[in-house]
Every structure is written in structure tokens, then in C-alpha cells.
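Engineer: Take a look and give me a structure for this.
(one chain, ligands or ions: 2)
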Amino acid sequence: MSVILPVAQRGEDILKLKAAPVAESEFNSDWLLQLASAMHATMLERNGVGIAAPQLYISKQVIIVASRSNPRYPDAPEMDAVVMLNPQILEFSEATCFGEEGCLSVPDERAQVERAQSIKVLYHTLAGDVMETVFEGFPARIVQHEIDHLNGILFVDRLTA
Ligand code: K1U
Ligand code: ZN
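Structural biologist: Numbering: from 1, shown residues only. Ligands and ions are numbered 1, 2, ... in the order given. From the prediction side, this is the model:
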């Protein structure tokens, strides 16, 4: 049975905190697998292309990224959902681009946000394996948006007047 969790909304303190790293002792644990499953189910139910644990009131460094083609990004690649623990951006491309973002925690608001075009990310899988992956284009945008959530930043905080 899929567990759907409530999504924190802009203005709530949980969205302003820095999330705690997942401890090695938690890798592959039942609770982490259940959290990832509930995050995935909630993301699908809300039609998202990503989600971060703090949005579900869990202040831990867990994100899911799941690019797919959509009306705003028709050329976006279809990805199987990737669960990332303790993700860190090792390299940002110098090249940046603007693209439209939405957020499950900021309903009815969308904006053009400037992000690095590509990034290299280090993260752990649910099993604890270390991965280093380069993301480009829309997937890179989603990863940057989700890692912002782990640092208490919403896309609206990145908009200049
Ligand atoms: O973290 C979240 O709130 C999920 C967010 C991820 C995201 C969307 C667009 C750009 C960067 C990050 C969403 O999935 S909002 C859902 C949505 O409205 C959307 C879906 C596909 C493309 C664009 C927006
Ligand atoms: Zn968001």
C-alpha cells in the first residue's frame, strides 16, 4: 500500500532548516526504504518531477529526481526515479540557463530561475553505494532545486527583484 504524506507549505519552519545527513547506520534500513517509498508515492500523486524529504516534514538529506517530458520541457529525458542520500554538488558548469520552475511547497507560483546548465553530483544510494553522476539540462535543474530544499532554500528565494 502506498503511503501519501502531507506536503509542507511555504512559510513553515521545516522548509527553512538545513537537513541532517543520513547516517551510515541508516543506509538500507527499513525506515529509509519506507521513507523513500512514501516520498516516491507522494511525488507521483502530486505530479512532481522531484521531491525532498523536508517537504514531507522529515529533515534528512534525501531527495528523489524523476525527469520526464512535460509541456514546459518537451525534450526532457525520461528517467527512472533516482533516490539520492547526502547529495553534494562537486562541480557547476560555468554556463547557466533560465528555466521555469514550480514547487509542491509553493502552489500556484512559477518563475524563471537561473541555474547551472550541468552539474557533477556525489551521493549515496539507498544501499549505501557511492555514486558520482553528471546531470544536464532539466534533470540538473531538478537536482539543484531539490538540494536547495535540503539547505532551506525555495526557488522563490532565488528570484531577484
Ligand atoms: O521539489 C518540488 O517541489 C518538486 C518540483 C520539482 C521541480 C519542478 C520544476 C523545475 C525544478 C524542480 C515539481 O515537480 S513542481 C511540479 C510541476 O509543476 C512541474 C512538473 C514538470 C515540469 C515543471 C513543473
Ligand atoms: Zn520544491
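Engineer: May I have the beta-bridge partners of residue 119?
Structural biologist: For residue 119, the beta-bridge partners are residue 92, residue 135 (DSSP bridges).
Engineer: And the pLDDT for it?
Structural biologist: pLDDT, residue 119: 98.
Engineer: count of neighbours near it?
Structural biologist: Residue 119: 22 surrounding residues under other CB atoms under 10 Å. Heads up, the C-betas are built off the backbone N, CA and C, glycines and all.
Engineer: how near is it to residue 91?
Structural biologist: From residue 119 across to residue 91, the span is 7 Å (CB to CB, to the nearest Å).
Engineer: and what of residue 98?
Structural biologist: According to CB to CB, residue 98 and residue 91 sit 20 Å apart.
Engineer: where do the strands sit along the chain?
Structural biologist: Taking DSSP state E, the strands of the chain run over residues 50-52, 62-65, 82-92, 96-101, 111-116, 118-124, 130-136.
Engineer: what about the fifth one and ligand 1, any contact?
Structural biologist: In this case it means strand 111-116. No - applying CB under 6 Å from any ligand atom, one finds strand 111-116 separated from ligand 1 by no less than 7.6 Å.
Engineer: and the angle from that strand to strand 96-101?
Structural biologist: Inter-element angle recorded for strand 111-116 and strand 96-101: 140 degrees (by axes from the mean of the first three to the mean of the last three CA atoms, to 10 degrees).
Engineer: Could you check strand 111-116 and say which residues are buried?
Structural biologist: By neighbour count with 16 or more other CB atoms under 10 Å, strand 111-116 contains the buried residues 113, 115, 116.
Engineer: That strand pairs with which strands, and in what direction?
Structural biologist: strand 96-101 (antiparallel).
Engineer: just the second one next, same as before
Structural biologist: With DSSP bridges as the criterion, the sheet partners recorded for strand 62-65 are strand 50-52 (antiparallel), strand 82-92 (antiparallel).
Engineer: Compare those and give me the one nearest residue 140.
Structural biologist: Smallest distance to residue 140 across the strands paired with strand 62-65 (CB to CB): 9.3 Å, for strand 82-92.
Engineer: neighbours around residue 11, how many?
Structural biologist: Using other CB under 10 Å, residue 11 has 10 neighbouring residues.
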